[in-house]
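1. here's a sequence, model it:
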Amino acid sequence: MSEDSSHELSEHAKAPPAAHATSDFVGSPPPGKTLDYSPSLLGDARLNGRGNAPVRIALMRQIQQTHGNRSLQRFLQRTATSRQTGCVGHAGTSASPTIQRYTTIEPKDQTKDNWEVGAEVRVSEDGNMAVAQADIAGSQKFWAEENLIVSASNELKGAESVITLRPAKGGKTPTLKGKAPDKSGDKTLKKVIARNDKTHTEGEGRMEIWADCGKAACDVAGGGKGTGSNNRVALFTNKTSKSVRTKPGGPARMKWEIMRNYFDDKIDQKKLGDLERELSRLKGSLSKEKDANKIEDYKSRIKGKEKEMEPVIFAPYNNLTADEKDKFDEKAGINRYAAPKVGQAYTISSGGAPKPGKKTWNFHWAGVVMKSGGDSVTLENYAVGDSTVKNTDWSFQMYGSATKKGQTFHEQHRDVHAQHGESPTTMAVEPE
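-> Take a look at the predicted model:
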């Protein structure tokens with residue numbers, strides 16, 4: 001390309017769909033969610049017009065959210081139109097077409113020896129990886145250079161991941177050929193078969209993993225070992241330029257620790273201290289409460305108090321100019337510059353005002369299963385409202401590095417998925 005043991009994860013796992021800003025809804029809409037557009041509109045050729053990209057994107061999201069990833073793919077196949085993955089800007093409008101995007105090969109540009117997938121495909125800059133795009137989450141169709149598959153699987157094993165990778169031995173499109181975008185030559189890639197060693201399942205439409213982004217990423221990144229649960233820490237460079245890890249916790253606590261490492265002398269300590277004392281008091285009362293109604297009230301008040309803390313902690317960062325923020329992000333290794341290794345994961349913690357017309361989830365997680373050059377491929381899943389179940393609706397997706405605007409995990413989940421607010425924070429994480 002030239003998405004723990006903390007209070008947050010606990011709430012994420014236990015809360016019912018209606019009460020739960022789930023962070024990671026794709027396959028299952030909130031109760032009462034209905035389509036604003038008729039699905040048949042997807043076949044209207046006018047949607048391919050430049051000015052109608054936002055409508056097309058919104059329609060695809062609605063089909064995906066109401067009917068699931070597989071249904072969206074069938075809609076697209078039936079209408080025989082090429083999918084558009086527009087980058088939605090901060091105001092909810094389509095991004096400038098001059099923004100350089102990952103190398104995407106459209107069906108009309110594909111030939112037998114040049115990335116013939118039959119659907120839009122993202123190709124890594126060096127041509128060593130390719131992921132078909134069934135929807136904005138990616139797909140289960142992934143090809144890679146054979147030695148890269150073997151080395152990535154070994155890295156996952158070293159990280160104690162439940163996932164192993166192997167080249168396909170047959171079946172449909174076991175190989176994929178194409179010219180590397182960086183002009184390094186012709187490539188022949190093998191289809192990647194993923195296996196979950198804990199569920200003893202493998203392959204497209206068959207491999208099962210937790211139907212929850214956090215639990216799935218936990219197992220992919222090696223900490224969960226099939227349970228989907230462990231303590232995780234964020235990786236960052238501190239203000240003395242030392243590579244360090246946060247304390248274990250949820251995404252909000254992780255990003256707060258990073259901000260406090262750099263800006264503690266600029267944060268309003270009196271205001272923050274008052275909020276922390278009130279939060280501690282509420283948690284103490286919650287731990288002793290027996291009445292179910294009062295327990296829910298305390299949980300709501302705790303969540304509200306934590307929400308009050310964030311703008312206090314982020315005030316110094318929010319006062320930076322856009323250029324200063326980008327330089328800070330680069331030094332700290334967050335947001336566009338978060339770069340987890342194979343066997344680690346991304347997490348994005350929502351922040352800022354909601355995207356216009358969009359529901360904002362708490363967070364999303366995605367485990368990294370392969371890297372080549374500056375490009376990464378994740379294996380990620382989304383919540384269905386019951387974190388105790390597994391399903392086969394996971395996806396591979398490819399993300400680029402910060403050198404190409406609009407391609408990073410941070411930008412894709414902030415601007416394309418658009419369910420994490422205007423100013424979320426993305427971090428690289430690993431098991432404690």
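2. now the helices: where do they sit in the stretch 101-250 of the chain?
-> Assigned by DSSP state H, counting those that start in this stretch, the helices in the stretch 101-250 of the chain fall at 146-158, 213-220.
3. Gly351: how many residues sit nearby?
-> Counted with other Cβ atoms under 10 Å, residues neighbouring Gly351 total 20. All C-beta spots, glycine's among them, are computed from the backbone N, C-alpha and C.
4. where do the strands sit along the stretch 101-250 of the chain?
-> For the stretch 101-250 of the chain, applying DSSP state E, counting those that start in this stretch gives strands covering 103-105, 121-123, 129-132, 142-144, 163-167, 175-179, 186-196, 201-202, 209-210, 232-237, 243-245.
5. strand partners (parallel or antiparallel) of the last one?
-> Meaning strand 243-245. Using DSSP bridges, the strands paired with strand 243-245 are strand 232-237 (antiparallel).
6. kindly report the same for the longest one.
-> With DSSP bridges as the test, strand 186-196 is paired with strand 142-144 (antiparallel), strand 163-167 (antiparallel), strand 175-179 (antiparallel), strand 201-202 (antiparallel).
7. need those strands in a markdown table (columns: mean neighbour count and distance to Lys327).
-> Output for those, formatted as a markdown table (neighbours: other Cβ atoms under 10 Å; distance: least, Cβ to Cβ, whole Å):
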| stretch | mean neighbour count | distance to Lys327 |
| --- | --- | --- |
| strand 142-144 | 29 | 34 |
| strand 163-167 | 21 | 35 |
| strand 175-179 | 18 | 36 |
| strand 201-202 | 16 | 44 |
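8. which residues does Arg414 contact?
-> 348, 420-422, 424 (Cβ atoms under 8 Å, 6 or more residues apart in numbering).
9. farthest-separated two in those?
-> With distance counted by Cβ to Cβ, no two of the contacts of Arg414 lie farther apart than Ile348 and Glu422, which are 12.7 Å apart.
10. higher neighbour count, the two?
-> Here Ile348 and Glu422 are set side by side on neighbour count (other Cβ under 10 Å), and the busier one is Ile348, at 32 against 18.
11. ok so, going back, who wins for proximity to Arg281 among the strands of the stretch 101-250 of the chain?
-> Proximity to Arg281 (Cβ to Cβ) singles out strand 232-237 among these, at 27.5 Å.
12. now the closest one: mean pLDDT?
-> In this model, strand 232-237 carries a mean pLDDT of 97.
13. what does it contact?
-> The contact list for strand 232-237 (Cβ under 8 Å, 6+ apart) reads 4, 218, 221, 223, 243-249, 251, 254-255, 257-258, 261, 331-334, 340, 344-345, 347, 427-432.
14. just the buried ones from those?
-> The neighbour-count criterion (16 or more other Cβ atoms under 10 Å) marks 4, 218, 221, 223, 246, 248-249, 251, 254-255, 257-258, 261, 332-334, 340, 344-345, 347, 427-431 among those as buried.
15. hang on, the earlier thing: just the contacts of Arg414: which are in strands?
-> Counting by DSSP state E, the part of the contacts of Arg414 found in strands is Ile348.
16. okay, the contacts of Arg414 in TSV with pLDDT and distance to Val123 next?
-> Below are these laid out as TSV (pLDDT from 0 to 100; distance: Cβ to Cβ, whole Å):
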residue	pLDDT	distance to Val123
Ile348	98	24
His420	96	26
Gly421	95	31
Glu422	96	30
Pro424	98	27
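17. tell me the one of the contacts of Arg414 nearest Gly178?
-> Closest to Gly178 out of the contacts of Arg414 is Ile348 (30.5 Å), distances taken as Cβ to Cβ.
18. quick one: residues contacting the closest residue in space to that closest one that isn't next to it in sequence.
-> Of all residues not flanking Ile348 in the chain, Thr426 sits nearest, at 4.6 Å (Cβ to Cβ, 6 or more residues apart in numbering). Listed by Cβ under 8 Å, 6+ apart, the contact set of Thr426 reads 334-336, 338, 346-349, 408-410, 413.
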